[in-house]
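J.: the following block contains a protein sequence and its predicted model.
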Amino acid sequence: MKTPYKNIYAVLKTNRFIVLAVVICCLLSSCFAIWMVFNINKKALNNAFAINTDGSIIPLKFVTQKENFKVEALAHLQLFHNYFYNIDASNYDKNLEKALWLGNSSVDNLYRQKKADGVYNRLLQYSLVQKVMSIDSQIEEKNGVYTFRTVTIFEINRGSIIDTYQLISTGNLMTVDRNFPNNPHGLLITNYFEKSLKKLSIENP
């Protein structure tokens, strides 16, 4: 008795189903493998590990770029306000030159205005000492634009009189190429404006 042949269409249909099933499984496996590699790579970039003294592994998570920017920005503002306002007859020229590297034309225009008003001439003529006491900066980000508001407290020593002032300044920050040592943080102050200046006290010796 002869073995009956199976229907060729049924065989092809079965084979096609098997091939499609294998291809789909391969695609799913490949996608899962790619996702696993991407996930592991992402974790590796955001984490580091240190060995403790007892041999245990300590995970160290890197700070985000935004957190890094805030630290850099605060340090940049601290540096600028120290250079621009912490001056006396012996260092004002050097400090102001360093401050101008940290801002754009808005800082340069303010410097030229102060120079035209005789601020630095009086510093030399009367041997004034302008000393920064504190710098407090607040940074905000909106739509990718960083703005700052800085409160600077400084004293002007006139020999027999010490005047204390509060200066509130505002502006924006933009990223530029780092230029060590002139601009180590790679930031530039723009739209700089001295919003208000208020005398806090007068101390007589």
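T.: In hand now; what should we look at? For clarity, every value in this text was computed on a predicted model and none was experimentally measured. Numbers count the residues shown, from 1 in each chain.
J.: could you use CA atoms for every contact and neighbour count after this?
T.: Fine.
J.: I'd like the average pLDDT over stretch 191-201.
T.: On average, the pLDDT along stretch 191-201 is 93.
J.: so what touches that stretch?
T.: Residues outside stretch 191-201 that contact it (C-alpha atoms under 8 Å, 6 or more residues apart in numbering): 103, 106-107, 163-172.
J.: mind picking the two most distant members of those?
T.: Spanning the widest gap among those are 163 and 172, at 29.1 Å by C-alpha to C-alpha.
J.: of those two, which one has the most company?
T.: Ranked by neighbour count (other C-alpha atoms under 10 Å), residue 163 and residue 172 place residue 172 first, with 19 against 16.
J.: now stretch 154-168 - C-alpha only, CSV.
T.: Only the C-alpha atoms of stretch 154-168 are listed here, as CSV (Å, rounded to 0.1, in the frame of the first residue of the first chain):
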residue,chain,number,x,y,z
PHE,A,154,31.1,95.7,49.9
GLU,A,155,32.8,98.4,52.0
ILE,A,156,34.6,101.5,50.9
ASN,A,157,37.3,102.5,53.4
ARG,A,158,38.0,106.2,53.2
GLY,A,159,40.5,106.2,56.1
SER,A,160,38.4,107.9,58.7
ILE,A,161,35.0,106.6,57.4
ILE,A,162,33.9,103.1,56.3
ASP,A,163,30.8,103.0,54.2
THR,A,164,29.0,99.7,53.6
TYR,A,165,26.9,99.2,50.4
GLN,A,166,24.6,96.7,49.0
LEU,A,167,24.7,96.2,45.2
ILE,A,168,22.1,94.2,43.3
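J.: buried residues in that stretch?
T.: Using 16 or more other C-alpha atoms under 10 Å as the test for burial, stretch 154-168 gives 154, 155, 156, 157, 162, 163, 164, 165, 166, 167, 168.
J.: centre of the chain to it, how far?
T.: Centroid displacement of stretch 154-168 relative to its chain, using C-alpha atoms, centre = their mean, to the nearest Å, is 31 Å.
J.: avg pLDDT for it?
T.: Here the average pLDDT along stretch 154-168 is 93.
J.: cool, and stretch 125-140?
T.: Regarding stretch 125-140, the rounded mean pLDDT is 95.
J.: can you tell me the element the residue nearest the centre of the chain falls in?
T.: The residue lying closest to the centre of the chain (C-alpha atoms, centre = their mean) is residue 69, at 1.8 Å. Here residue 69, judged by DSSP states H and E, is contained in helix 65-85.
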